[in-house]
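A.B. asks: Coordinates only, no sequence provided:
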């Protein structure tokens with residue numbers, strides 16, 4: 001289970017930083033993340049049965065809200081705020097039959113979305129926590145690991161872990177429900193295929209409302225005990241390039257548009273910490289590969305996936321990277337050409 005993998009990470013390295021949140025300027029350790037997840041889970045259990053909407057940017061708080069929902073046994077419904085927040089909120093509620101949406105005032109202001117009656121602000125939830133709630137959650141963190149795991153979420157790999165929506169570029173977005181098994185198996189296969197185990201830091205700027213960001217930027221570092229360096233706006237290329245230089249992530253994953261923006265705003269040597277750069281979501285142009293080679297001495301590894309496949313289907317392994325190819329299927333995936 002995803003939440004169980006996270007608990008293992010928190011037990012093994014409680015003082016390690018789980019999130020370097022460059023939007024808020026706050027660091028969150030795995031111990032603090034576990035406590036926050038338990039607190040939010042208790043609150044979320046009282047709000048909805050079944051599903052709960054999440055409309056939050058890529059951040060420590062956004063990740064903890066998803067974690068809290070899963071620990072509460074609720075299925076987070078991830079809402080895309082970049083293509084019409086109000087419209088997408090109502091569409092998600094109608095399609096998925098839920099009411100409550102967890103969001104933040106700052107995001108509503110940035111997107112121009114009006115406050116809807118079903119919205120709850122994460123900052124208000126955190127501001128109204130009682131000493132009893134905090135104490136109760138703290139006591140839970142002291143429980144033996146097997147007992148704690150039994151108290152959080154459901155213990156069934158076929159349990160829905162998230163509901164996402166396709167881009168809807170040609171028609172209405174499709175609803176895609178992914179199970180715990182879907183996401184966990186994709187994490188394990190991708191990390192084995194790309195030799196990610198042992199890496200310590202990941203740049204997380206992809207939005208959580210897309211499966212690429214949810215699986216790779218949110219759950220992968222939580223499950224592997226990595227530090228996630230988050231920033232809410234991946235389109236602020238100059239800022240993200242500076243974050244890479246200053247925080248020194250080892251794993252860089254993005255779309256070709258994002259990767260090009262970062263490399264053009266960087267100076268030679270800024271990406272020296274990067275051990276692996278992966279491109280997905282769109283075809284990686286040869287000009288971008290060449291730019292990374294010349295400016296940062298880095299090779300881009302291209303992969304391919306879809307929302308329905310959690311997302312990774314194939315990728316170019318580090319030992320056999322072929323330009324212009326989407327690589328080979330990751331372990332456990334079979335591909336049929338029709």
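C.D. replies: The structure has been received and is ready for your questions. Everything numeric here is computed off the predicted structure, so don't read it as measured data.
A.B. asks: all contacts plus neighbour counts: C-alpha atoms, from now on.
C.D. replies: Fine.
A.B. asks: hang on, isn't residue 302 packed against residue 327?
C.D. replies: Yes: between residue 302 and residue 327 a contact is recorded at 7.0 Å, counting by C-alpha atoms under 8 Å.
A.B. asks: And those two? Which one has more around it.
C.D. replies: Neighbour tally, residue 302 and residue 327, criterion other C-alpha atoms under 10 Å: the higher count belongs to residue 302, 29 against 19.
A.B. asks: Dihedrals phi and psi, the more buried one?
C.D. replies: Backbone torsions of residue 302, given as degrees, to the nearest 10, read phi -90, psi 140.
A.B. asks: Quick check: neighbours shared by residue 302 and residue 327?
C.D. replies: 315-316 (C-alpha atoms under 8 Å, 6 or more residues apart in numbering).
A.B. asks: Let me see the mean pLDDT of the helix or strand containing residue 181.
C.D. replies: Under the criterion DSSP states H and E, the helix or strand holding residue 181 is helix 180-193. Across helix 180-193, the average pLDDT comes to 98.
A.B. asks: Name the residues of it that are buried.
C.D. replies: Neighbour-count burial for helix 180-193 flags 180-184, 186-191, 193 (criterion: 16 or more other C-alpha atoms under 10 Å).
A.B. asks: Mind picking the two most distant members of those residues?
C.D. replies: 180 and 193 (19.8 Å; C-alpha to C-alpha).
A.B. asks: per-residue pLDDT, the residue lying farthest from the centre of the chain?
C.D. replies: Largest separation from the mean C-alpha position in the chain: residue 338, at 32.3 Å (C-alpha atoms, centre = their mean). According to the per-residue confidence, residue 338 scores 86 in pLDDT.
A.B. asks: for residue 170, same thing?
C.D. replies: On the pLDDT scale, residue 170 gets 63.
A.B. asks: and what of residue 154?
C.D. replies: At residue 154, pLDDT is 80.
A.B. asks: Tell me the secondary structure at it.
C.D. replies: coil (DSSP: H, G, I helix; E, B strand; the rest coil).
A.B. asks: Now do the contacts for it.
C.D. replies: With contacts defined as C-alpha under 8 Å, 6+ apart, the neighbours of residue 154 are 71, 73.
A.B. asks: Please report how far it lies from residue 297.
C.D. replies: The gap separating residue 154 from residue 297 is 45 Å, by C-alpha to C-alpha, to the nearest Å.
A.B. asks: Residue 91 too?
C.D. replies: From residue 91 to residue 297 the distance is 45 Å (C-alpha to C-alpha).
A.B. asks: same check, this time on residue 111
C.D. replies: Counting by C-alpha to C-alpha, the gap from residue 111 to residue 297 is 37 Å.
A.B. asks: Average pLDDT for stretch 245-264, rounded please.
C.D. replies: 98.
A.B. asks: Figure out the helix or strand that residue 40 lives in.
C.D. replies: Judged by DSSP H and E, residue 40 forms part of helix 30-45.
A.B. asks: and if you look at residue 287?
C.D. replies: Counting by DSSP H and E, residue 287 is found in helix 286-296.
A.B. asks: any low-confidence regions in this structure?
C.D. replies: Scanning the chain for pLDDT under 70 picks out 168-170.
A.B. asks: Do you have the helices of it handy? List them.
C.D. replies: Assigned by DSSP state H, the helices in the chain fall at 2-12, 30-45, 60-71, 85-96, 105-111, 122-127, 131-141, 145-151, 180-193, 211-212, 220-224, 237-247, 256-264, 286-296.
A.B. asks: tally of neighbours for residue 330?
C.D. replies: The number of residues near residue 330, taken as other C-alpha under 10 Å, comes to 23.
A.B. asks: how much space between the most centrally placed residue in the chain and residue 97?
C.D. replies: Nearest to the mean C-alpha position of the chain, by C-alpha atoms, centre = their mean, lies residue 218 at 2.5 Å. Counting by C-alpha to C-alpha, the separation of residue 218 from residue 97 is 25 Å.
A.B. asks: just residue 174 next, same as before
C.D. replies: Taken as C-alpha to C-alpha, the span from residue 174 to residue 97 is 15 Å.
A.B. asks: wait, isn't residue 292 in contact with residue 286?
C.D. replies: No: if you go by C-alpha under 8 Å, residue 292 and residue 286 don't touch, sitting 10.0 Å apart.
A.B. asks: So those two - more neighbours on which side?
C.D. replies: Counted by other C-alpha under 10 Å, residue 292 and residue 286 do not tie: residue 292 has more neighbours, with 20 against 11.
A.B. asks: quick one: contacts for that one?
C.D. replies: 263, 298-300.
A.B. asks: Using a markdown table, please lay out those together with neighbour count and distance to residue 231.
C.D. replies: Converted to a markdown table, those look like this (neighbours: other C-alpha atoms under 10 Å; distance: C-alpha to C-alpha, whole Å):
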| residue | neighbour count | distance to residue 231 |
| --- | --- | --- |
| 263 | 21 | 17 |
| 298 | 18 | 22 |
| 299 | 20 | 24 |
| 300 | 26 | 22 |
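A.B. asks: Return the member of those residues nearest to residue 61.
C.D. replies: Relative to residue 61, and with distances defined as C-alpha to C-alpha, the nearest of these is residue 263, at 27.7 Å.
A.B. asks: Now do the strands in the stretch 201-338 of the chain.
C.D. replies: 201-204, 227-230, 251-254, 276-279, 300-305, 312-315, 328-329 (DSSP state E, counting those that start in this stretch).
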